[in-house]
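S.K.: can't give you the sequence, but here's the structure:
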């Protein structure tokens with residue numbers, strides 16, 4: 001299966017400046033919702049998923065790989081993100097209307 005991950009490099013300062021607009025966690029699995037502005041002034045959202053684990057030295061690490069028993073949590077987080085994005089868009093529209 002082809003890797004669908006976007007590998008385009010971003011400047012370091014841009015990576016530091018961006019942060020998720022919403023973070024949802026269920027146990028060691030989390031979803032981050034990102035706002036992506038377009039040239040036309042609209043915003044679209046993307047979602048990334050992570051799993052936290054401790055490595056052999058006891059240090060916390062993150063991965064984008066999931067085990068079989070992680071999949072129900074991943075599905076729940078995907079559903080929650082799907083519910084949250086329209087709410088984020090409504091909030092953005094309300095903010096735009098105030099300006």
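M.R.: Great, that's in hand. Nothing here was measured: the structure is a model prediction, and the numbers come from that model.

S.K.: now the longest helix along the chain, how far from the centre of its chain.
M.R.: Criterion DSSP state H: the longest helix present in the chain is helix 71-98. Centre-to-centre, helix 71-98 and its host chain are 11 Å apart (CA atoms, centre = their mean, to the nearest Å).

S.K.: try stretch 64-71
M.R.: 16 Å.

S.K.: cool, and stretch 27-45?
M.R.: 7 Å.

S.K.: any idea of the mean pLDDT in the longest helix of the chain?
M.R.: The predicted model assigns helix 71-98 a mean pLDDT of 89.

S.K.: now it: buried residues?
M.R.: Of the residues in helix 71-98, 73, 74, 77, 80, 81, 84, 85, 88, 92 count as buried by neighbour count, 16 or more other CB atoms under 10 Å. Where you see a C-beta, it was placed from the backbone N, CA and C, and this is true even at glycine.

S.K.: switch those over to TSV; also include distance to residue 66.
M.R.: Below are those laid out as TSV (distance: CB to CB, whole Å):
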residue	distance to residue 66
73	8
74	6
77	11
80	16
81	15
84	20
85	21
88	24
92	30
